[in-house]
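>>> Just a sequence and a predicted model for now, questions to come.
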Amino acid sequence: MHGVKEKDVTSSVYPGLTAEAVLAQETALARFARWEADHPAHLEPAAAIAAVAALYDLLPASSRFRAPDPSGVMAFHAILLRARSAAP
């Protein structure tokens with residue numbers, strides 16, 4: 001696991017998450033970023049806004065009126081940083 005112990009990368013937000021899983025996700029995201037760079041989206045701005053609005057409308061009202069909670073994303077970033085710094 002690249003020198004990182006499982007206990008070093010688990011969290012209450014993502015119980016059981018291992019360094020290997022984090023690094024695999026990072027690899028997959030990098031692969032997608034390369035694909036995305038070669039396949040740019042061809043949406044007109046108005047169509048993109050309409051698509052986002054349609055997705056927003058699918059959210060339950062309770063989700064739309066609640067303040068966003070970025071703590072899960074922040075915790076995942078911290079775990080990713082620790083896993084990356086421990087990688088050889």
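Ah, there it is.

>>> Mind listing what's buried along the host helix or strand of residue 30?
Residue 30 is part of helix 19-38 when elements are defined by DSSP states H and E. Within helix 19-38, the residues scored as buried using 16 or more other CB atoms under 10 Å are 19, 21-23. Where C-beta positions appear, they are placed from N, C-alpha and C, glycine not excepted.

>>> Columns pLDDT on top of these, output as CSV?
Shown next, in CSV, are those (pLDDT from 0 to 100):
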residue, pLDDT
19, 79
21, 85
22, 84
23, 88
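
>>> Touching the one helix or strand residue 50 maps to from outside, list them.
Secondary structure assigned from DSSP H and E places residue 50 in helix 45-58. With CB atoms under 8 Å, 6 or more residues apart in numbering as the test, helix 45-58 has contacts from 41, 43, 64.

>>> now do 10 Å
Applying CB atoms under 10 Å, 6 or more residues apart in numbering, the external contacts of helix 45-58 come out as 41, 43-44, 63-64.

>>> Going toward the C-terminus from it, what's the next helix or strand?
In N-to-C order, the element after helix 45-58 by DSSP H and E is helix 61-64.

>>> ok, then the element right after that following helix?
Next element after helix 61-64 (DSSP H and E): helix 71-86.

>>> That following helix to helix 19-38, inter-axis angle?
Going by axes from the mean of the first three to the mean of the last three CA atoms, to 10 degrees, helix 71-86 is angled at 100 degrees with respect to helix 19-38.

>>> Please report how far the residue nearest to the spatial centre of the chain lies from residue 79.
Taking CA atoms, centre = their mean, the centroid of the chain lies closest to residue 73, which sits 6.8 Å from it. Separation of residue 73 from residue 79 (CB to CB, to the nearest Å): 11 Å.

>>> Could you do residue 58 as well?
For residue 58, the distance to residue 79 - CB to CB - is 29 Å.

>>> again with residue 64
Distance from residue 64 to residue 79, by CB to CB: 29 Å.

>>> what does residue 17 give?
6 Å.

>>> same thing with residue 36?
24 Å.

>>> would you list the contacts of helix 45-58 in CSV and tack on neighbour count and pLDDT?
Converted to CSV, the contacts of helix 45-58 look like this (neighbours: other CB atoms under 10 Å; pLDDT from 0 to 100):
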residue, neighbour count, pLDDT
41, 7, 78
43, 11, 83
44, 8, 88
63, 10, 84
64, 10, 83
